[in-house]
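# Here is the input, now give the coordinates:
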Amino acid sequence: MLAVKVTFKDAEDIKKFLLANSLYDKNFVFKKDKKNIFFPIKNEESRQIIIDKFPKTIFEEIELESRDSPSNLKEALQEKLSEEELDLLKTSFDVVGTIAILEIDPPLDKKQKLIAETILKIHKGIKTVVRKADKHDGTFRTQKMEFIAGEKTLETIHKENNIQLFLNVQEVYFSTRLSTERKRISQIIKPKEKILVMFSGCAPYPCVFSKNTEADQIVGIEINPKGHDYGIKNIELNKLTNITLINGDVKEIIPDLIKQTNQKFDRILMPLPKSAEDFLDAALIAAKKHSIIHFYAFLHEDNFHEAHDAIAKACKKNKLDHKIIRTVKCGQHAPRVYRICVDFEVL
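Purely as a prediction, here's the structure:
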């Protein structure tokens, strides 16, 4: 069986590429040793496509276990749901650690137990299945979950970017979909930078930066007391020493912090896609000349300029010049609506 040999560090990016381009052979189970993961690919033609994207990729002929069980949720439920129900079935879902988080349309309410138990059977790494019972809401951006099947817990340990994150999926705002964005930022952080993460949650950004960069100091501010507590636990879990977490409102904390320490930051992150423009003044207080600010927003692809306009307005108000470095799509929120990050420099 032809397989791609990748390190654990690169596995996430390469697997996403294989799946997105239909190169991953789902008839076989991937294999791993102490240092590498071996992903099955469909054929020799797949090899060149992968090399074009990842030139240093290593391929090996290796014996992989055949997948006897159904490879996806829809296939597993083919004979248990009607055609109408299968059309309504959402086959993609978020997985945080060992917890699968589903969105189930109301017509499938009576089948949610069947759906959840099927997921537990075909995904051995999943131990708990819950359902989104509400949207992200309130100051803390948390989301109510309804337990369906498996181990009755909302706590888990999620692994990404060489770190572990302990969290409660109902009490803390956390998005696995931002792991690639966290990696992107970590790759442009320079040695000795002092970094401020606003809305730091359970500290995924601070932990990723501390583990994977040579940043000098990382400060995270989170208003949710429970999110802050999990962040403290994650610093200890990952044995990190250059992170300081503060529980409170960034608008109140930042002016006091700057006054007390007489220190500003080289890089500031604002991972609050909704209403982040309301906090630009606070971010600019913490910025020094040539600071880089990462501003996030949910916008239709025709309206990305609105983020640029909000930044320009705030900088003008604070009598500062700025330069837009880049605008990056870092997730799709709805058709033609994206989570974007605008990287800009304070001049």
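# Sticking with Leu299, tell me its helix or strand.
Per DSSP states H and E, Leu299 falls inside strand 287-300.
# What lies in contact with the helix or strand following that strand?
Per DSSP H and E, the first helix or strand lying C-terminal to strand 287-300 is helix 305-317. The contact list for helix 305-317 (CB atoms under 8 Å, 6 or more residues apart in numbering) reads 277, 280-281, 284, 295, 297, 299, 321-322, 324, 327, 340, 342, 344, 346. Glycine gets a C-beta too; all of them are placed from N, C-alpha and C.
# Just the buried ones from those?
Among these, those classed as buried by 16 or more other CB atoms under 10 Å are 277, 280, 284, 295, 297, 299, 322, 327, 340, 342, 344, 346.
# State the pair within those residues that is farthest apart.
Spanning the widest gap among the buried ones among the contacts of helix 305-317 are Leu299 and Val346, at 21.8 Å by CB to CB.
# what does the lowest-mean-pLDDT helix or strand in the chain contact?
Least confident helix or strand of the chain, by mean pLDDT, DSSP states H and E, is helix 44-53 with a mean of 86. Helix 44-53 is contacted from outside by 2, 4, 14, 17-18, 21, 23, 41, 57, 59, using CB under 8 Å, 6+ apart.
# about what we covered before: quick check, nearest of the contacts of helix 305-317 to Leu196?
Of all the contacts of helix 305-317, Leu196 sits closest to Leu284, with 11.5 Å by CB to CB.
# ok, the closest one - contacts?
By CB under 8 Å, 6+ apart, the contact set of Leu284 is 293, 314-315, 318, 320, 346.
# Please repeat the previous calculation with a cut-off of 10 Å.
By CB atoms under 10 Å, 6 or more residues apart in numbering, the contact list for Leu284 reads 254, 268, 291, 293, 311, 314-315, 317-320, 322, 346.
# can you redo those residues as CSV with pLDDT?
Listed next are the contacts of Leu284 as CSV, based on pLDDT from 0 to 100:
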residue, pLDDT
Ile254, 98
Ile268, 99
Ser291, 99
Ile293, 99
Ile311, 98
Ala314, 98
Cys315, 98
Lys317, 97
Asn318, 97
Lys319, 97
Leu320, 98
His322, 98
Val346, 99
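# Is it possible to get JSON lines of these that adds distance to Lys183?
Listed next are these as JSON lines, based on distance: CB to CB, whole Å:
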{"residue": "Ile254", "distance to Lys183": "26"}
{"residue": "Ile268", "distance to Lys183": "18"}
{"residue": "Ser291", "distance to Lys183": "21"}
{"residue": "Ile293", "distance to Lys183": "19"}
{"residue": "Ile311", "distance to Lys183": "24"}
{"residue": "Ala314", "distance to Lys183": "28"}
{"residue": "Cys315", "distance to Lys183": "28"}
{"residue": "Lys317", "distance to Lys183": "33"}
{"residue": "Asn318", "distance to Lys183": "31"}
{"residue": "Lys319", "distance to Lys183": "35"}
{"residue": "Leu320", "distance to Lys183": "29"}
{"residue": "His322", "distance to Lys183": "25"}
{"residue": "Val346", "distance to Lys183": "24"}
